[in-house]
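Student: return atomic coordinates for the entry below.
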Amino acid sequence: MQSTALNVPPSPSPINPIKAICKKIVRWYFSTLDLENPRVAHRICQLIPAQCPFERDIVFFGHELFHIPPMCKLNPAYDEFVELRFKALVFLADECGEDVTQYC
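Tutor: Next up is the predicted model:
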């Protein structure tokens, strides 16, 4: 590790620009996606869970041993998936007049 006269460590390597561009494109696509088909909206609500499926409380004989935190926040596209699911729920409830409590 090289240091300068001020003992400042070198900056970490920059993020791969191709990955950054791909992430921006995927995020833009999900944020601009408009739902017009109830069948697609139902499928989105079925595929994207309402809560993180990995979060668990490990219980042994009625005593909680430990808690596994939600891992979904580690997914870089998590917020976009949640937004897409919300759009699908709103579309089904407002535009189609359907009851969406089965997906909550």
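Student: please make it C-alpha for all contacts and neighbour counts, starting now.
Tutor: Noted.
Student: now the strands: where do they sit in the chain?
Tutor: Along the chain, counting by DSSP state E, strands occupy 56-60, 63-68.
Student: list the contacts of the residue nearest the centre of the chain.
Tutor: Central residue of the chain (CA atoms, centre = their mean): Tyr78, 1.2 Å from the mean position. Going by CA atoms under 8 Å, 6 or more residues apart in numbering, Tyr78 touches Cys72.
Student: of the strands of the chain, which is nearest Thr101?
Tutor: Proximity to Thr101 (CA to CA) singles out strand 56-60 among the strands of the chain, at 22.9 Å.
Student: and that closest one, how far out from the chain's middle?
Tutor: A distance of 24 Å separates the centroid of the chain from that of strand 56-60, by CA atoms, centre = their mean, to the nearest Å.
Student: mean confidence for it?
Tutor: Strand 56-60 shows a mean pLDDT of 88 in the predicted model.
Student: please save the CA atoms from it in CSV.
Tutor: This file holds the C-alpha atoms of strand 56-60, laid out as CSV (Å, rounded to 0.1, in the frame of the first residue of the first chain):
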residue,chain,number,x,y,z
ARG,A,56,-36.9,-16.0,10.3
ASP,A,57,-37.0,-16.4,14.0
ILE,A,58,-35.4,-19.7,15.1
VAL,A,59,-37.4,-21.0,18.0
PHE,A,60,-36.6,-24.1,20.1
